[in-house]
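A.B. asks: A structural model of the following input is requested.
(chains A and B)
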Amino acid sequence: NAGVTQTPKFQVLKTGQSMTLQCAQDMNHEYMSWYRQDPGMGLRLIHYSVGAGITDQGEVPNGYNVSRSTTEDFPLRLLSAAPSQTSVYFCASSYSIVGINTIYFGEGSWLTVV
Amino acid sequence: AQKITQTQPGMFVQEKEAVTLDCTYDTSDQSYGLFWYKQPSSGEMIFLIYQGSYDEQNATEGRYSLNFQKARKSANLVISASQLGDSAMYFCAMREGGQAGTALIFGKGTTLSVSS
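C.D. replies: Purely as a prediction, here's the structure:
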């Protein structure tokens, strides 16, 4: 993948624990998003950002917080992990230029909440 | 109501055959974009092809083409001359309102299996 880095790649959490999934891109992209992928559900949008300091909710935001203090980073915070948050998480980024339609995805973060 | 519908949970095709993966969408926006992604078993999301709502011609990228029928709100992916490496999950996705950004609505996907 071209420049979208997600960490960690694998994580096991206990119910009630908090953690942050990190996403960083080095392409100076303004747009970034977080998705979760569950079996049979496709990818669902959690939160997205159109630039530093600007975030908005997607389809499934409950239980997650985001912030965008820099253009490069878009961390996803789980405040109190629940088994229902067991999923694969993808971060994505793109330019804000009309006509540029390439969206770069990270390699995914596998999260298990027990 | 689902905004992206992929009605084929699984498709089976033999090598060198063509295959069509169906996608219908629902939106009231005049400006939108349609994407197809491939997800192999390794899990990464691979961009295949894009069609803008105002594009007059169907998009093509190598062996991939998008059969865009705006009035029917369908955006089917056609893979010509299937290869074993095409075995993967395929997702149709839509970006509404505006022509940039990463906020996509995904379908549930179609699993394609290519046999020799």
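
A.B. asks: and stretch A:35-44 with chain B, contact?
C.D. replies: Yes - applying CB under 8 Å from any CB of the partner chain, one finds stretch A:35-44 in contact with chain B at A:35, A:40-44. (C-beta placed from N, C-alpha, C; glycine too.)

A.B. asks: what about that stretch, how long is it end to end?
C.D. replies: 5 Å (CA to CA, to the nearest Å).

A.B. asks: quick one: average confidence on that stretch?
C.D. replies: Stretch A:35-44 carries an average pLDDT of 91.

A.B. asks: Only the buried residues of it, if you could.
C.D. replies: Going by neighbour count (16 or more other CB atoms under 10 Å in any protein chain shown), the buried part of stretch A:35-44 is A:35-37, A:42-44.

A.B. asks: can you list the residues of chain B near chain A?
C.D. replies: B:4, B:33, B:35, B:43-45, B:47, B:50, B:52, B:91, B:93, B:99-109.

A.B. asks: circling back to that earlier point, would you check which pair of the residues of stretch A:35-44 next to chain B lies furthest apart?
C.D. replies: Based on CB to CB, the longest span within those runs between A:35 and A:40 and measures 15.1 Å.

A.B. asks: so residue 19 bridges to which residues?
C.D. replies: Picking chain A for this. residue A:78 (DSSP bridges).

A.B. asks: actually chain B
C.D. replies: In this entry, residue B:19 is beta-bridged to residue B:79, by DSSP bridges.

A.B. asks: Can you tell me the number of residues neighbouring it?
C.D. replies: 20 (other CB atoms under 10 Å in any protein chain shown).

A.B. asks: if I look at it, how far off is residue B:12?
C.D. replies: 9 Å (CB to CB, to the nearest Å).

A.B. asks: same check, this time on residue B:42
C.D. replies: 21 Å.

A.B. asks: Residue B:91 too?
C.D. replies: Distance from residue B:91 to residue B:12, by CB to CB: 18 Å.

A.B. asks: between the two, which one's more packed in?
C.D. replies: Neighbour comparison, residue B:91 and residue B:12: the larger count goes to residue B:91, with 26 against 11 (by other CB under 10 Å).

A.B. asks: what comes into contact with the strand or helix carrying the more buried one?
C.D. replies: Using DSSP states H and E, residue B:91 maps to strand B:88-96. With contact meaning CB atoms under 8 Å, 6 or more residues apart in numbering or on different chains, strand B:88-96 is reached by A:42-43, B:3-4, B:6, B:21, B:23, B:25, B:27, B:29, B:32-41, B:45, B:48, B:75, B:77, B:101, B:103-107, B:109-112.

A.B. asks: Now with 7 Å, please.
C.D. replies: A:42-43, B:3-4, B:6, B:21, B:23, B:25, B:27, B:29, B:32-40, B:75, B:77, B:101, B:103-107, B:109-112 (CB atoms under 7 Å, 6 or more residues apart in numbering or on different chains).

A.B. asks: Equivalent analysis for stretch A:28-47, please.
C.D. replies: Outside stretch A:28-47, the residues that touch it by CB under 7 Å, 6+ apart are A:23, A:25, A:48-51, A:55-61, A:64, A:66, A:71, A:74, A:76, A:87-96, B:91, B:100-104, B:106-109.

A.B. asks: Make a PyMOL selection of whichever of the residues you listed turn out to be buried.
C.D. replies: Buried residues within the contacts of stretch A:28-47, by 16+ other CB under 10 Å, are selected in PyMOL with:
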select buried, (chain A and resi 23+25+48+49+50+55+58+60+61+64+66+71+74+76+87+89+90+91+92+93+94+95) or (chain B and resi 91+100+101+102+103+104+106+107+108+109)
